[in-house]
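Colleague: sequence first, then the predicted structure, then my questions.
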Amino acid sequence: MEKKSYIEIQKEGDIVLARKMGRELSKSLFYNSINQAKIITAVSELGRNMYYYAGSGKITFEILRKKQKIGIKITASDNGPGIQDINKALEPGYTTSGGLGVGLPGVSKLMDEFFIESTVGVGTTITIVKWHS
């Protein structure tokens, strides 16, 4: 693993900066434009969920190297209310905010790896990985 970079999400403008970090990192590693868009979209959704539901949090970017593979690991963590039913939250169309319910299910489909840990009243950590293809 290489040096981590991160951004604190405290206002909506920070989501734009997180997207920019994801774009620059994926571009520097020569991801194709489709995978760059997937990474940027996933970062945007995670940042938006964090801001909307928890009020603030942190998105961390890491470069992974595994044998001949290289990837980007993104971790979004907050100290918000947590997710009561993770399985339900991952169902397409499920929402507690009146939105379209495509955020977390969409992120899981865009990325190669998706892990979520959440404790009600403590917070949520979502880790995603996109391997270079």
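Modeller: Alright, I've got the coordinates.

Colleague: following the lowest-mean-pLDDT helix or strand in the chain, which helix or strand comes up?
Modeller: In the chain, the helix or strand scored least confidently by mean pLDDT, DSSP states H and E is helix 86-89, which has a mean of 86. Using DSSP states H and E, the helix or strand that follows helix 86-89 towards the C-terminus is helix 103-110.

Colleague: please name every helix or strand in contact with that next one.
Modeller: The contact analysis (3 or more CB pairs under 8 Å, 6 or more residues apart in numbering; DSSP states H and E) places helix 103-110 against helix 33-49, strand 113-119, strand 123-131. No exception for glycine: its C-beta is placed from N, CA and C like everyone else's.

Colleague: any weak-confidence spans in this structure?
Modeller: For the chain, applying pLDDT under 70 flags the ranges 1-2, 93-102.

Colleague: do that again at 80, thanks
Modeller: 1-3, 92-103, 133 (pLDDT under 80).

Colleague: what's the local residue count around Lys88?
Modeller: 10 (other CB atoms under 10 Å).

Colleague: what residues of the least confident helix or strand of the chain count as buried?
Modeller: Ala89 (16 or more other CB atoms under 10 Å).

Colleague: hang on, the earlier thing: CSV for the helices and strands packed on helix 103-110, including distance to Ser26 and mean neighbour count?
Modeller: Below are the helices and strands packed on helix 103-110 laid out as CSV (distance: least, CB to CB, whole Å; neighbours: other CB atoms under 10 Å):
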stretch, distance to Ser26, mean neighbour count
helix 33-49, 4, 20
strand 113-119, 15, 14
strand 123-131, 8, 20
